[in-house]
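> Next input, structure requested:
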Amino acid sequence: MKILQTVRKVPGGLMVVPLFLGAIANLLFPEALSIGGMTTATFKSGAGSFIGASLVCVGSQITITRIGEPLKRGFVLLLAKFLAGFIPTLIVSKIFGPYGVLGLTPLMLLAAITNSNGGMYLGLMSQYGDENDMGAQSLLGINDGPFLTLVGMGLSGVASFDAVALLASVVPLIVGIILGNLDHDIRDFLEPGIMFTLPFLAFCLGTGLNLKNIVTGGFTGIFLGLVVVALSALFIFPADRYILKRPGYAAFAICTTAGNAVAVPAILAQADPSLASQVESATAAVATAVIVTAIIAPILTSWAVKKYGCPRLNNIPDK
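Numbers count the residues shown, from 1 in each chain. Modelled structure (predicted):
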């Protein structure tokens with residue numbers, strides 16, 4: 001049976017498929033997941049541990065020694081992606097409050113927009129971009145987790161975090177960054193852990209979901225995914241075209257929601273318990289947005305390549 005290959009064919013499948021399987025298990029066999037011991041720890045209550053382990057592995061892949069063009073491209077794209085989530089979140093929060101508008105809450109917006117699918121970006125850049133585009137992922141990797149979302153939530157006033165709570169949420173990421181930059185062998189050792197922890201984390205998160213709300217979140221999530229693409233493109237494409245003086249294909253390659261973003265609402269709720277009531281609906285919507293953006297972003301990237309060119313097709317000079 002080609003189970004893993006089938007799962008990987010689904011955009012964000014290693015995160016999304018286990019999430020929905022966990023929700024189904026919780027609906028059909030809720031008591032089976034609560035028998036205690038390693039079963040409960042692995043398949044129901046272990047989300048926090050898996051999140052921490054994943055963040056250590058993600059952090060280990062962030063290289064802080066890169067300079068020059070990759071750093072410039074990564075910084076501009078990272079900042080534009082953050083602002084694409086932060087500014088709309090701030091506006092929605094101030095005008096409509098914590099429960100948002102048209103079903104989209106500030107928590108959903110910031111969690112979905114400030115994260116991008118690093119794997120898809122690298123895949124598209126390996127097809128269309130150059131080594132500097134791919135090198136930019138070392139900085140873009142910062143948004144592959146809760147750090148920028150936590151910063152944005154605090155700055156926008158959507159949630160309040162004390163220093164200890166903020167530190168507790170990012171320590172695993174920081175530890176990973178330190179270890180990965182001190183020893184390349186540790187970086188290589190931890191790299192597989194990014195993907196390995198995702199299914200377990202997703203299943204645990206899924207067991208905390210009500211399947212009826214996932215169906216509702218699916219419709220909201222489709223809308224959220226479209227909003228993610230639109231707002232990301234609105235901020236990132238001009239930055240890529242007019243600040244970096246690039247064709248713009250890289251901008252569309254990060255108009256995505258990362259699979260890791262499914263875990264962000266739960267992480268934020270740990271830092272600010274007042275958000276706990278929104279975690280279930282936000283998680284379901286973000287999970288759907290992962291799929292929607294993963295479908296649209298490659299199409300838009302291909303369009304930008306055809307219209308403006310790219311280094312791989314020798315249509316533009318490389319810088």
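> Would you confirm that Gly208 contacts Asn26?
Yes: taking CB atoms under 8 Å as the definition, Gly208 is a contact partner of Asn26 at 7.3 Å. All C-beta spots, glycine's among them, are computed from the backbone N, C-alpha and C.
> For those two, work out which one has more neighbours and name it.
When neighbours are counted by other CB atoms under 10 Å, Gly208 and Asn26 differ, and Asn26 comes out ahead with 21 against 16.
> Chain neighbours aside, what residue packs nearest to that one?
Once flanking residues are discounted, Asn26 sits nearest to Thr207: 4.4 Å by CB to CB, 6 or more residues apart in numbering.
> and that neighbour, what does it touch?
22-23, 25-26, 33, 43-44 (CB atoms under 8 Å, 6 or more residues apart in numbering).
> Show me those residues that map onto helices.
If you go by DSSP state H, the contacts of Thr207 have 22-23, 25-26, 43 in helices.
> Same list (those residues) but as CSV, adding pLDDT and distance to Gln5.
CSV is the format used below for those (pLDDT from 0 to 100; distance: CB to CB, whole Å):
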residue, pLDDT, distance to Gln5
Gly22, 86, 21
Ala23, 82, 23
Ala25, 88, 23
Asn26, 84, 26
Phe43, 81, 23
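> Specify which member of those residues is nearest to Val279.
Proximity of these to Val279, judged by CB to CB, is greatest for Ala23, which lies at 13.4 Å.
> Around that closest one, count how many other residues there are.
Here the number of neighbours of Ala23 (other CB under 10 Å) works out to 25.
> Touching, it and Ala202? I think so.
No: between Ala23 and Ala202 there is no contact under CB under 8 Å: 10.0 Å.
> for Leu19, helix, strand, or coil?
Under DSSP: H, G, I helix; E, B strand; the rest coil, the three-state class of Leu19 is helix.
> Was I right to think it contacts Ala202?
Yes: with the criterion set as CB under 8 Å, Leu19 and Ala202 qualify as a contacting pair; they are 4.2 Å apart.
> Would you state the helices of the stretch 151-300 of the chain in chain order?
With helices called from DSSP state H, counting those that start in this stretch, the stretch 151-300 of the chain shows them at 163-182, 184-206, 211-238, 249-253, 264-271, 279-308.
> do the stretch 1-150 of the chain as well
For the stretch 1-150 of the chain, the helices identified by DSSP H, counting those that start in this stretch occupy 3-9, 13-28, 37-43, 47-60, 69-96, 106-113, 118-128, 131-135, 137-140, 147-156, in order along the chain.
> Distance to Tyr242 for those helices - can I get that in a markdown table?
As requested, the helices of the stretch 1-150 of the chain are exported to a markdown table (distance: least, CB to CB, whole Å):
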| stretch | distance to Tyr242 |
| --- | --- |
| helix 3-9 | 36 |
| helix 13-28 | 34 |
| helix 37-43 | 49 |
| helix 47-60 | 31 |
| helix 69-96 | 10 |
| helix 106-113 | 21 |
| helix 118-128 | 20 |
| helix 131-135 | 17 |
| helix 137-140 | 19 |
| helix 147-156 | 23 |
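> Could you point out which of these sits nearest Cys310?
Using CB to CB as the criterion, the shortest distance between Cys310 and the helices of the stretch 1-150 of the chain is 4.3 Å, found for helix 118-128.
> Burial check on Tyr242, number of neighbours?
For Tyr242, the number of neighbouring residues by other CB under 10 Å comes to 10.
> before we move on, back to that, show me the two of the ones in helices among the contacts of Thr207 that sit farthest apart.
Greatest spatial distance in these: Ala23 and Phe43, 12.3 Å, computed using CB to CB.
> Can you tell me which residue is spatially central in the chain?
Per CA atoms, centre = their mean, the C-alpha nearest to the average position across the chain is that of Ala258, at 2.8 Å.
> where does it fall, phi/psi-wise?
With angles defined as degrees, to the nearest 10, Ala258 sits at phi -70, psi 150.
> before we move on, the earlier item: so which of the helices of the stretch 1-150 of the chain is the most packed in?
With neighbours taken as mean count of other CB atoms under 10 Å, the helices of the stretch 1-150 of the chain reach their highest mean count in helix 106-113, at a mean of 32.
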